[in-house]
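Novice: here are the coordinates; sequence isn't available:
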Ligand SMILES: [Zn+2]
């Protein structure tokens, strides 16, 4: 077998790896690289292999940095099955279509600039139509069932604990009568995260490909973070300002809503309106409701025993119509807006930031990781002057961060992840999905625990066994 690390190497975006076994080619993830618009377009446009020669694709979860380039893969000739858990399939159906819409809009914007520069127009990476075509190739595989996807390659999807439907993929690879146990961990979630189950911890692996987003960071305990969150809401409300939270529409938004519901029930936050301004978040929440089998005990109990919907409460309103979204701008009383995208690169959040970032009573709260060069990262890093829709803005709003809403394992969780895989058996660990500094720190920590062969691959690097 051979594995080539193509994307999501020494960075957290654009996950894509190619597994070759006995002449069959299996693509693990087909994520969109996210960063500066023009760079991203070029990086995502072409593949370093012929998509028509890929036999199958496996997907850990629906986040766009793992699934978002699938429509382009199909458009370029891939006609095989895309295996994922049923909730991931459902989420991809709405997320890829939304991504197709964003691609179409992005290219319109780029082409306006290119026209001024007398350059020829570009075509979108893919359209909503292409996304729909890709969705017809999805094949749902239930958690904990073993399926043969190519001669000598069986897979099993195990709970990932990261977002609804997320999985780690356990491969049983048989060559010359010997079977190797290989896991691609995808994005590793956290224990005791609300809504979904805890991640499965693998056993008896020979090889592990794992993420390293927070290889050098520890999150604060959840209770402290909820109190910090409540305090930020109380302070914003007292000062009469708006609280604007850029958040991924899938996973993070539902977790925020779930937490706000709880704080609201406990009377820990003032009675101010909460708007989830994202059609994608609204539709994704519907998928959450359709998959109660994925809920952890606490969330299942809220649903069944208390008869409450964890994703609804009196002061919460989902906004889908553009005009309703625009109306939020004229509200002159304290309120909370949760809007996508989380890295503030696209979507309605850009309008809310543009309209409020120069107001010192506005609080912008970041609740997750943002890739370098994205607008969210620039604001988080304290830049005082930023550009939105090509116009300069001075950052006068207060900027706050709450890292523990992160859906990613921290350093301790990542080290715990291998606790049932002794170094005597687990001979190869590859660290992906992390900036180099984070990956290096995790590599050192793993080596000090006895795992000798820990490698941080470069893009395009191939490992053979
Ligand atoms: Zn993810």
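Specialist: Here it is on my side, so go on. Computed from a prediction, not measured in an experiment: that's the story for all the values here.
Novice: quick one, domains of this protein?
Specialist: 2-217+407-464, 222-405 (automatic domain parsing).
Novice: ok, the nearest residue to residue 32 once chain neighbours are set aside - contacts?
Specialist: Setting aside the residues directly before and after it, residue 32 is nearest to residue 68 in space (Cβ to Cβ, 6 or more residues apart in numbering), at 3.0 Å. Where C-beta positions appear, they are placed from N, C-alpha and C, glycine not excepted. Applying Cβ atoms under 8 Å, 6 or more residues apart in numbering, we find residue 68 in contact with 30, 31, 32, 95, 96, 99.
Novice: ok, the nearest residue to residue 21 once chain neighbours are set aside to residue 418 distance?
Specialist: Nearest in space to residue 21, with sequence neighbours left out and distances taken as Cβ to Cβ, 6+ apart, is residue 1 at 4.8 Å. Separation of residue 1 from residue 418 (Cβ to Cβ, to the nearest Å) stands at 21 Å.
Novice: same question, residue 317
Specialist: In terms of Cβ to Cβ, residue 317 sits 44 Å off from residue 418.
Novice: May I see the contacts of residue 68 organised as TSV, with distance to the ion and pLDDT added?
Specialist: Below are these laid out as TSV (distance: Cβ to the ion, whole Å; pLDDT from 0 to 100):
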residue	distance to the ion	pLDDT
30	14	98
31	9	97
32	12	94
95	11	95
96	15	97
99	14	93
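Novice: Narrow those to those in helices?
Specialist: 95, 96, 99 (DSSP state H).
Novice: Which of the residues you listed are buried? Put it as a ChimeraX command.
Specialist: Remark: buried members of the ones in helices among the contacts of residue 68, expressed as a ChimeraX selection using 16 or more other Cβ atoms under 10 Å:
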select :95,96,99
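Novice: Rebuild the ones in helices among the contacts of residue 68 as CSV, extending it with distance to residue 167.
Specialist: Converted to CSV, these look like this (distance: Cβ to Cβ, whole Å):
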residue, distance to residue 167
95, 16
96, 18
99, 20
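Novice: any idea which of the ones in helices among the contacts of residue 68 is closest to residue 408?
Specialist: Nearest to residue 408 among the ones in helices among the contacts of residue 68 is residue 95, at 18.5 Å by Cβ to Cβ.
Novice: Does that closest one touch residue 61 like I think?
Specialist: No: with contact defined as Cβ atoms under 8 Å, residue 95 does not reach residue 61; the gap is 10.3 Å.
Novice: between these two, what contacts are shared?
Specialist: residue 67.
Novice: How is the residue in the stretch 351-465 of the chain that the ion sits nearest to assigned, secondary-structure-wise?
Specialist: Residue of the stretch 351-465 of the chain nearest the ion, by Cβ to the ion: residue 407 (6.4 Å). Under DSSP: H, G, I helix; E, B strand; the rest coil, residue 407 falls in the coil class.
Novice: Read off the pLDDT value for residue 317.
Specialist: With respect to pLDDT, residue 317 has a value of 97.
Novice: To clarify, my last question referred to residue 70.
Specialist: pLDDT, residue 70: 98.
Novice: Spit out the contact partners of it.
Specialist: 30, 57, 59, 82, 92, 96, 134.
Novice: Okay, and which of the residues you listed map to helices?
Specialist: Reading helices off the contacts of residue 70 with DSSP H, I get 92, 96, 134.
Novice: nearest residue to residue 10 other than its sequence neighbours?
Specialist: Closest to residue 10 by Cβ to Cβ, 6+ apart is residue 436, at 4.9 Å.
Novice: follow-up on the earlier one: and the gap between the residue nearest to residue 32 and the ion?
Specialist: Distance of residue 68 to the ion, given as Cβ to the ion, to the nearest Å: 11 Å.
Novice: swap in residue 204?
Specialist: Counting by Cβ to the ion, the gap from residue 204 to the ion is 26 Å.
Novice: which SS class is that residue?
Specialist: coil.
Novice: That one: neighbour count?
Specialist: Per other Cβ atoms under 10 Å, the neighbour tally for residue 204 reads 11.
Novice: my guess is it contacts residue 421, does it?
Specialist: Yes: counting by Cβ under 8 Å, residue 204 does reach residue 421; the two are 6.9 Å apart.
Novice: these two touch, right, residue 99 and residue 31?
Specialist: No: at 11.0 Å, residue 99 does not count as touching residue 31 under the criterion of Cβ under 8 Å.
Novice: what residues are shared contacts of the two?
Specialist: In contact with both residue 99 and residue 31: 64, 68, using Cβ under 8 Å, 6+ apart.
Novice: thinking again about what came up before, can you tell me which of the domains of the chain is most buried?
Specialist: Most buried of the domains of the chain by mean neighbour count (mean count of other Cβ atoms under 10 Å) is domain 2-217+407-464; its value is a mean of 20.
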